[in-house]
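K.L.:
Sequence unavailable; structure follows:
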């Protein structure tokens with residue numbers, strides 16, 4: 001399965017925020033990458049450039065490549081409601097993202113790895129597709145032999161923010177996807193309207 005495997009700190013520096021999670025290297029060098037760093041004065045970005053950058057940020061944040069992201073956008077456009085909000089809701093409903101939000105993985109990349117290696121179940125059935133879209137009421141957990149994996153236990157130990165569209169049962173290492181989140185509850189710093197404008201050109 002295709003995925004981005006390049007340097008993450010460089011990408012975070014490009015967008016000016018640690019989109020892949022806590023990053024000590026980004027904290028040390030949060031200015032843009034490149035030979036001139038902060039010294040080079042950049043011209044005012046064009047409208048297209050701003051829109052493209054916002055789409056790229058969303059893609060890297062959720063770990064999608066262009067075709068996957070475009071397909072998800074088209075799916076969001078077909079749904080009732082605001083397209084940009086629908087897009088973020090669909091991104092949040094991905095299995096790998098939900099596993100990360102539940103706190104069973106330290107990052108989306110780690111969550112994706114757990115899914116691909118058949119450690120994750122949805123409603124009791126093993127699902128090996130990171131892009132699997134959850135529905136309201138779906139239960140996400142780990143196979144019995146996978147619950148004591150070091151990476152999983154370490155992630156649970158670092159459990160941080162809780163999200164109101166998820167119910168977590170740490171004891172049994174499982175969680176429930178209650179429903180699609182409302183836009184105001186999604187913490188990612190993404191201006192989805194710019195993405196809609198870009199694809200509408």
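P.N.:
Alright, I've got the coordinates. Only a predicted model underlies this, so the values are computations on that prediction, with no experimental measurement involved.
K.L.:
Helix or strand next in line after the helix or strand of the chain with the lowest mean pLDDT, which one?
P.N.:
Counting by mean pLDDT, DSSP states H and E, the chain has its least confident helix or strand at helix 24-28, which shows a mean of 60. Downstream of helix 24-28, the first helix or strand assigned by DSSP states H and E is helix 47-62.
K.L.:
Report the mean per-residue pLDDT for that following helix.
P.N.:
If you average the pLDDT over helix 47-62, you get 92.
K.L.:
Any idea how far that helix is from the middle of the chain?
P.N.:
Put simply, helix 47-62 sits 14 Å off its chain's centre (Cα atoms, centre = their mean, to the nearest Å).
K.L.:
Now do that helix: everything it contacts.
P.N.:
4, 11, 15, 19-20, 45, 65-66, 69, 87, 91, 94, 97, 108, 188, 190-192, 194-195, 197-199, 201 (Cβ atoms under 8 Å, 6 or more residues apart in numbering). Glycine gets a C-beta too; all of them are placed from N, C-alpha and C.
K.L.:
Which members of these are positioned in helices?
P.N.:
With DSSP state H as the criterion, helices contain 11, 15, 66, 69, 87, 91, 97, 108, 192, 194-195, 197-199 from among the contacts of helix 47-62.
K.L.:
ChimeraX command for the buried members of the residues you listed?
P.N.:
Those of the ones in helices among the contacts of helix 47-62 that count as buried under 16 or more other Cβ atoms under 10 Å are selected in ChimeraX with:
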select :11,15,69,87,91,97,108,192,194,195,197,198,199
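K.L.:
Between all of the ones in helices among the contacts of helix 47-62, which two are at the greatest distance?
P.N.:
For the ones in helices among the contacts of helix 47-62, the farthest-apart pair by Cβ to Cβ is 108 and 197; their separation is 25.6 Å.
K.L.:
got any ranges where the chain has weak pLDDT?
P.N.:
Low-confidence segments of the chain (pLDDT under 70): 1-5, 9-10, 12, 14-16, 18-43, 159.
K.L.:
Domain-wise, how is it divided?
P.N.:
8-90+188-199, 94-179 (automatic domain parsing).
K.L.:
right, so these: which one is the most enclosed?
P.N.:
Highest mean neighbour count among those (mean count of other Cβ atoms under 10 Å): domain 94-179, with a mean of 17.
K.L.:
Off-centre distance for that one?
P.N.:
Centre-to-centre, domain 94-179 and its host chain are 13 Å apart (Cα atoms, centre = their mean).
K.L.:
Ends of that domain, what's the gap?
P.N.:
Its start and end residues considered, domain 94-179 measures 12 Å (Cα to Cα, to the nearest Å).
K.L.:
Also stretch 160-167?
P.N.:
Per Cα to Cα, stretch 160-167 runs 14 Å from first to last residue.
K.L.:
how close does the residue positioned nearest the centre of the chain sit to residue 143?
P.N.:
Nearest to the mean C-alpha position of the chain, counting by Cα atoms, centre = their mean, stands residue 62 at 2.9 Å. Separation of residue 62 from residue 143 (Cβ to Cβ, to the nearest Å) stands at 25 Å.
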